[in-house]
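Student: next one to model:
(one chain, ligands or ions: 1)
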Amino acid sequence: MTTMEETITRAIVGRYFEKLKAHLSVDVAIVGAGPSGLVAARDLATMGKRVAVFERALAPGGGVWGGAMLMNEVVVQSDALPILEDFHVRTRPFEVGYFTVDSVELASGLVFGASQAGAAVFNAVAVEDIVFREDRVAGLVVNWAPVQKMGMHVDPLVITARAVLDATGHPAEVVAMACRKAGVRIDTETGSIMGERPMWMEKGEASTVTNTKRLCAGLYASGMAANNASGGARMGPIFGGMLLSGRKAASLIARGLDA
Ligand code: 48H
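Tutor: Okay, the predicted model is just below:
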């Protein structure tokens, strides 16, 4: 007779590996479950693409949870409202053109929306390298985040992808790997990472969207990673640009996959 202990353990192990096996080879692999990565994940999954999101932290949501200085409210501007409506996240009008959002509702709403649309979110999984074959970024090298954190000498596994989105926020980790390890010339003014500029809110909000693009074959960047790559300004606790960047990334990637 099967014990409850055996059933529960079999359910979790079986279902997890079923999910992992179904995402060993995907259309789009997204690194980072912050706001830009989660909007891109939802949009691409809604378009019928096979999407996996790899997030180093235990709780997906990136820099949203803490609002600003741990005050858990963020601001969005009116052009990003349709995206929040898609995720059923509520907003409150503040002054003309600006709305506030409870950051806990925003983070959880983005995670739930991406997941419900069909994107698989693998939390506590860190991306430590890229696959680079035939002059293109062709996948990700992944490991358990605690293994990376503890500096354990454990070999990783590999996810292959038709497109990779760097949504790692300020450090632009995947773009940095592509430049450093594969020696690629990326589509920026200098051909390499230009570095994030100091805060200038209006400029940063606009450049987050402008800088969202394909940087080399197989690799796109969104959110703060896009700003770091192309030398955009930071903007602080306003999130419209991040949401719009995720939407733009999804549409560019889908177009690239369908071409
Ligand atoms: C797995 C990784 C890895 C890795 C990082 O920072 P994020 O919230 O990302 P964005 O760009 O969508 O949003 C930026 C926004 O939160 C922000 O920081 C703003 C608006 N700042 C303005 C300012 O002036 O400071 O999320 C990135 C996610 C995080 O959850 C990381 O844990 C994760 O990516 N991540 N996951 N493997 N190698 N690197």
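Student: what sits against the residue nearest the centre of the chain?
Tutor: Centroid-nearest residue in the chain: residue 37, 2.5 Å away (criterion: C-alpha atoms, centre = their mean). Counting by C-beta atoms under 8 Å, 6 or more residues apart in numbering, residue 37 makes contact with 30, 31, 53, 55, 62, 165, 167, 222, 223, 246. The way it works is simple: take the backbone N, C-alpha and C, and place the C-beta from them, glycine included.
Student: can I get the residues you listed in a markdown table with pLDDT, secondary structure and neighbour count?
Tutor: Formatted as a markdown table, the contacts of residue 37 follow (pLDDT from 0 to 100; DSSP: H, G, I helix; E, B strand; the rest coil; neighbours: other C-beta atoms under 10 Å):
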| residue | pLDDT | secondary structure | neighbour count |
| --- | --- | --- | --- |
| 30 | 99 | strand | 37 |
| 31 | 99 | strand | 29 |
| 53 | 99 | strand | 30 |
| 55 | 98 | strand | 27 |
| 62 | 98 | helix | 25 |
| 165 | 99 | strand | 33 |
| 167 | 99 | coil | 36 |
| 222 | 98 | coil | 35 |
| 223 | 98 | helix | 34 |
| 246 | 98 | helix | 32 |
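Student: considering only the residues you listed, which also neighbour the ligand?
Tutor: Restricting the contacts of residue 37 to those adjacent to the ligand (criterion: C-beta under 6 Å from any ligand atom) gives 31, 55, 62, 167, 223.
Student: tell me which two in those are the farthest apart.
Tutor: Using C-beta to C-beta, the ones next to the ligand among the contacts of residue 37 span at most 13.4 Å, a distance reached by 55 and 223.
Student: list the residues that contact both of the two?
Tutor: 32, 37.
Student: how about the residues of the stretch 1-150 of the chain near the ligand?
Tutor: Listed as neighbours of the ligand in the stretch 1-150 of the chain under the rule C-beta under 6 Å from any ligand atom: 31-37, 54-57, 62-64, 126-127.
Student: at 5 Å what do you get?
Tutor: Counting by C-beta under 5 Å from any ligand atom, the stretch 1-150 of the chain comes close to the ligand at 32, 34, 35, 36, 54, 55, 56, 57, 62, 63, 126, 127.
Student: among the residues you listed, which are in strands?
Tutor: 54, 55, 126, 127 (DSSP state E).
Student: read off the pLDDT value for the last one.
Tutor: So that's residue 127. At residue 127, the pLDDT value in this model is 98.
Student: could you give the number of residues near it?
Tutor: 26 (other C-beta atoms under 10 Å).
Student: before we move on, what about the one 4 residues further on?
Tutor: Applying other C-beta under 10 Å, we find 18 other residues in the vicinity of residue 131.
Student: which element is it on?
Tutor: Residue 131 belongs to strand 125-133 when elements are defined using DSSP states H and E.
Student: can you tell me the strand partners of that strand and which way each runs?
Tutor: Next to strand 125-133 in the sheet, as set by DSSP bridges, lie strand 136-144 (antiparallel).
Student: list the buried residues for the next helix or strand after the strand it pairs with?
Tutor: As assigned by DSSP H and E, the chain's next helix or strand after strand 136-144 is helix 145-149. For helix 145-149, burial by neighbour count (16 or more other C-beta atoms under 10 Å) applies to 145, 147, 148.
Student: can you list contacts of helix 145-149?
Tutor: 56, 57, 58, 124, 125, 126, 128, 154.
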